[in-house]
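Engineer: Quick one, what's the 3D model for this:
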Amino acid sequence: MKYVAKVDGQEYGVALKKDGDTLDGEPAEVDLQSIDGGFHYSLLVGAASHEVFVERCGDICFVTLGGQRYRVQVENERTWRTGKRRAAVQEIGEAEVVSPMPGVVVAVLVEAGQEVRTGEGLLILEAMKMENEVRAPRTGVVEAVQVAPGQRVSQDDVLVRIG
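Structural biologist: Below is the predicted model of the structure:
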């Protein structure tokens with residue numbers, strides 16, 4: 001089965017096959033096993049062993065590895081291709097940036113009227129004692145900032161509108 005893993009905006013091709021797994025077309029020996037039946041995992045990549053914590057938030061996962069927190073989304077290749085086509089159509093019109101999880105807005109990095117590029121930081125959201133940068137899904141102009149520092153938000157609350 002082929003998948004596309006998006007890690008902090010960077011995409012990786014993953015193929016899981018009986019004759020061997022690959023990562024971006026290169027052979028990869030990977031094993032992931034739950035340690036506690038919950039969020040705590042043991043990850044083996046080749047001969048290297050890693051301790052990993054995985055928090056699931058809808059179809060997005062937040063993975064903590066080596067003290068770094070990563071936003072990860074995995075889709076099968078067919079769904080990914082459909083999403084790419086849909087995203088190309090969505091480049092026109094307004095985009096709503098929503099909160100990926102409940103938290104508190106620590107800082108707002110943009111203001112209405114400001115131009116932003118895909119992947120540029122819009123705000124900092126603190127959730128589960130970690131600060132997360134919420135980034136622009138596409139290039140455009142900030143039409144409205146719907147939140148302020150110190151404000152509590154729920155998952156899927158609109159944070160910023162980009163036109």
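
Engineer: Tell me if I'm right that Val145 and Ala107 touch.
Structural biologist: No: counting by C-beta atoms under 8 Å, Val145 sits too far from Ala107 to count as a contact (11.5 Å). C-betas here are computed from N, CA, C, even on glycine.

Engineer: So the two - more neighbours on which side?
Structural biologist: In this view Val145 and Ala107 are compared by other C-beta atoms under 10 Å, and Val145 has more residues nearby, 19 against 13.

Engineer: Tell me the bridge partners for the more buried one.
Structural biologist: Beta bridges link Val145 to Val160, judged by DSSP bridges.

Engineer: Can you give me every residue that contacts it?
Structural biologist: By C-beta atoms under 8 Å, 6 or more residues apart in numbering, the contact set of Val145 is 108, 110-112, 123, 159-160.

Engineer: Repeat that for Leu44.
Structural biologist: 29-32, 50.

Engineer: Using a markdown table, please lay out the contacts of Val145 together with neighbour count and distance to Glu133.
Structural biologist: Formatted as a markdown table, the contacts of Val145 follow (neighbours: other C-beta atoms under 10 Å; distance: C-beta to C-beta, whole Å):
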| residue | neighbour count | distance to Glu133 |
| --- | --- | --- |
| Val108 | 18 | 12 |
| Val110 | 18 | 12 |
| Glu111 | 9 | 17 |
| Ala112 | 11 | 19 |
| Leu123 | 23 | 8 |
| Leu159 | 22 | 12 |
| Val160 | 24 | 13 |
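
Engineer: Among those residues, which lie within strands?
Structural biologist: Under the assignment DSSP state E, the contacts of Val145 contribute 108, 123, 159-160 to strands.

Engineer: hang on, isn't Glu111 packed against Val142?
Structural biologist: Yes: between Glu111 and Val142 a contact is recorded at 6.6 Å, counting by C-beta under 8 Å.

Engineer: quick check: domain ranges of this structure?
Structural biologist: 2-78, 93-162 (automatic domain parsing).

Engineer: Out of these, which is the most enclosed?
Structural biologist: Ranked by mean neighbour count under mean count of other C-beta atoms under 10 Å, the domains of the chain are led by domain 93-162, which reaches a mean of 16.

Engineer: next one: that domain to chain centre, how far?
Structural biologist: 13 Å (C-alpha atoms, centre = their mean, to the nearest Å).

Engineer: Kindly report the same for stretch 7-23.
Structural biologist: 16 Å.

Engineer: where does this structure dip in pLDDT?
Structural biologist: Within the chain, the stretches with pLDDT under 70 are 1, 58, 77-93.
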